[in-house]
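Chemist: fold the following.
(one chain, ligands or ions: 1)
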Amino acid sequence: MLQNILNIVYPNLCLSCHTSLVHTERYLCLGCQLQLPETNDHLKNENGVEKTLWGRIPFERAFSFLFFNQRGITQKLLHELKYKGNEELAVFLGSTYAKKISKTAESHKIDAIVAVPLHISKLRKRGYNQSLAFANGLSEQLGIENLSEFLIRTKATETQTKKNRPERWENVSSIFSVVEPQKFENRHVLLVDDVITTGATIESCANEIIRTCKCSLSIASIAFAA
Ligand SMILES: [Zn+2]
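Modeler: Numbering: from 1, shown residues only. Now for the predicted structure:
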């Protein structure tokens, strides 16, 4: 009843097509949910994210939930996360994705989750870390321990868009630090980021974890920009 009244005053609209949502729908209408550009990476023997990262870091599996397309649904969702501060949406995406990957045998080997951290200055500006919120959704749904508080970002990096790959790598290398390496020892850790493009951030973060701790890694992100 209250929800119905709230819906009249503040209608719940689909983030993509802006039609009114019915009470069983969250964030996207059914039509837009069906159009989500899912990668289904977790069902493939090898996929685009893995090909991007091969030879750069040691990892077991890597998978992204969605393909990123300019002006597509993924971009609208990411815009909501980044500019509207919609932390709940990031958690929702994490738990939605967890339900999908939990059906694979590989996901059962993962026994810890860690999000790529934001630098404190960026965290203050943005209000929250969308990678962490996505990791929280994954962690809660999968029932796997979240170690995100033990990985920190020690330097804020400048924007990387105008740099070529080697410079980008240099730009993000050694900017992460594992606070309590023993927490990661002998575990299979799922390292979580928001968007993977060149893979430079994941590469730097993963290398720092591998350098510091004896553990195996898999990688997951909300989106992959091929
Ligand atoms: Zn829609």
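
Chemist: number of residues surrounding residue 122?
Modeler: 13 (other CB atoms under 10 Å). C-beta coordinates here come from the backbone N, C-alpha and C atoms, glycine included.

Chemist: quick one: residue 151 and residue 178 touch, right?
Modeler: Yes: between residue 151 and residue 178 there is a contact at 5.7 Å, judged by CB atoms under 8 Å.

Chemist: any residues in contact with both of the two?
Modeler: When contacts are counted by CB atoms under 8 Å, 6 or more residues apart in numbering, residue 151 and residue 178 have residue 209 as shared neighbours.

Chemist: can you list the domains in the chain?
Modeler: If you go by automatic domain parsing, the domain ranges for the chain are 1-35, 37-224.

Chemist: so for the longest one, mean pLDDT?
Modeler: Over the span of domain 37-224, the pLDDT mean works out to 91.

Chemist: gap between it and the chain center?
Modeler: 5 Å (CA atoms, centre = their mean, to the nearest Å).

Chemist: now do the SS call for residue 182.
Modeler: helix (DSSP: H, G, I helix; E, B strand; the rest coil).

Chemist: tally of neighbours for it?
Modeler: Using other CB under 10 Å: residue 182 sits among 10 other residues.

Chemist: same question, residue 24
Modeler: 6.

Chemist: and it, what does it touch?
Modeler: No contacts exist for residue 24 under CB under 8 Å, 6+ apart.

Chemist: what about the helices in this protein?
Modeler: Using DSSP state H, the helices assigned to the chain run over residues 2-9, 30-34, 48-53, 73-83, 87-101, 120-126, 130-142, 165-172, 200-212.

Chemist: go through those and name the closest to the ion.
Modeler: Nearest to the ion, of all the helices of the chain, is helix 30-34, at 3.2 Å by CB to the ion.

Chemist: the closest one near the ion at all?
Modeler: Yes: for helix 30-34, a contact with the ion is found by CB under 5 Å from the ion, at residue 32.

Chemist: output that helix as CSV, nothing but the C-alphas.
Modeler: The C-alpha trace of helix 30-34 is given here as CSV (Å, rounded to 0.1, in the frame of the first residue of the first chain):
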residue,chain,number,x,y,z
LEU,A,30,11.5,-6.8,-18.1
GLY,A,31,12.0,-5.7,-21.7
CYS,A,32,15.2,-3.9,-21.0
GLN,A,33,16.4,-6.8,-18.7
LEU,A,34,16.0,-9.1,-21.7
